[in-house]
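**Q** When you get a sec, could you give me coordinates for this:
(one chain, ligands or ions: 1)
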Amino acid sequence: MNRKIKIWVFVNIMVISNLLVSCSSTKKIVDRPIVFNEQRMQLTSEYMKNRYGLEREQPIIDPKMIVFHWTAIPTLEGSFDAFKEPTLPNWRPDINSVSGLNVSTHFLVDQDGTIYRLMPENIMGRHVIGLNHTALGVENVGGTSETPLTEAQLQANIWLVRHLAKKYDIEYVIGHYEYTHFEGHPLWLEVDNSYRTLKTDPGNDFMEKVRAATQNLNFKSVPKKIK
Ligand SMILES: [Zn+2]
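**A** Numbering: from 1, shown residues only. As a prediction, the model looks like this:
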């Protein structure tokens, strides 16, 4: 082979192998567990009982919903650290009456699209008021003006929706900013009408793209807001 042909063959092999990698759904989930010790399990069970009136031996969930977030923290390590410990930073059981259970999420997607699983999928996380008992959480690293969510993250989130919809009877796919639309819905169980926080993550644009790409899965539309 002359040199030109050799280069041509090499380039083609590279293109074909890249195509194979991107098309074959080789995406995998990397387990990187946060601390889920006895204390966290107990705080999770207490949260389930106090906020939702659900008394279960284990804080097990029945996932009917996926809730998407951004961490508003620019790095994977910083984001992971926010979820790692069992209790909220600065929580003191002697002075705080609210739950000290730290926030958590089932999945954390890095800016390069790598999907990490932080905790068992069937245990309740704390990431969305009113709906944790039925919601799988997907957090995305970034969401600040310097670190907007990336195309790789969008594609990883779409892949994850398809993957989870095969495993569970998922009815709703929502952005965190939409959670209050479920007030009054049968899935909404928060007992305190004043316990709300204002959320904008992960942005309407991101959710529109996720929904457009998963239209064939026929998820239910988000209920109209009552108030
Ligand atoms: Zn959020």
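**Q** residue contacts, residue 76?
**A** By CB atoms under 8 Å, 6 or more residues apart in numbering, the contact list for residue 76 reads 108, 110, 111, 116, 141. No exception for glycine: its C-beta is placed from N, CA and C like everyone else's.
**Q** In terms of secondary structure, what does the helix or strand where the first one lies contact?
**A** When you say that, I think you mean residue 108. Applying DSSP states H and E as the criterion places residue 108 in strand 107-109. Applying 3 or more CB pairs under 8 Å, 6 or more residues apart in numbering; DSSP states H and E, one finds that strand 107-109 contacts helix 76-84, strand 115-117, strand 135-140, helix 151-167.
**Q** How far away from the center of its chain is the last one?
**A** When C-alpha coordinates are averaged (CA atoms, centre = their mean, to the nearest Å), helix 151-167 and its chain have centres 10 Å apart.
**Q** who in the chain is up against the ion?
**A** Contact residues (CB under 5 Å from the ion) of the chain with the ion: 69, 176, 201.
**Q** 8 Å instead, please
**A** 67, 68, 69, 70, 71, 127, 128, 139, 176, 199, 201, 202 (CB under 8 Å from the ion).
**Q** List just the nearest of these to residue 52.
**A** residue 128 (12.1 Å; CB to CB).
**Q** For residue 122, give me its contacts.
**A** Contact analysis of residue 122 by CB under 8 Å, 6+ apart lists 60, 61.
**Q** how close does it sit to residue 168?
**A** From residue 122 across to residue 168, the span is 10 Å (CB to CB, to the nearest Å).
**Q** Also residue 112?
**A** Counting by CB to CB, the gap from residue 112 to residue 168 is 26 Å.
**Q** Is residue 58 in contact with residue 38, as I believe?
**A** No. Between residue 58 and residue 38 there is no contact under CB atoms under 8 Å: 11.8 Å.
**Q** Compare those two and say which is more crowded by neighbours.
**A** Taking neighbours as other CB atoms under 10 Å, residue 58 and residue 38 compare with residue 58 leading, 12 against 8.
**Q** List phi and psi for the more buried one.
**A** Phi and psi for residue 58, reported as degrees, to the nearest 10, are phi -130, psi 150.
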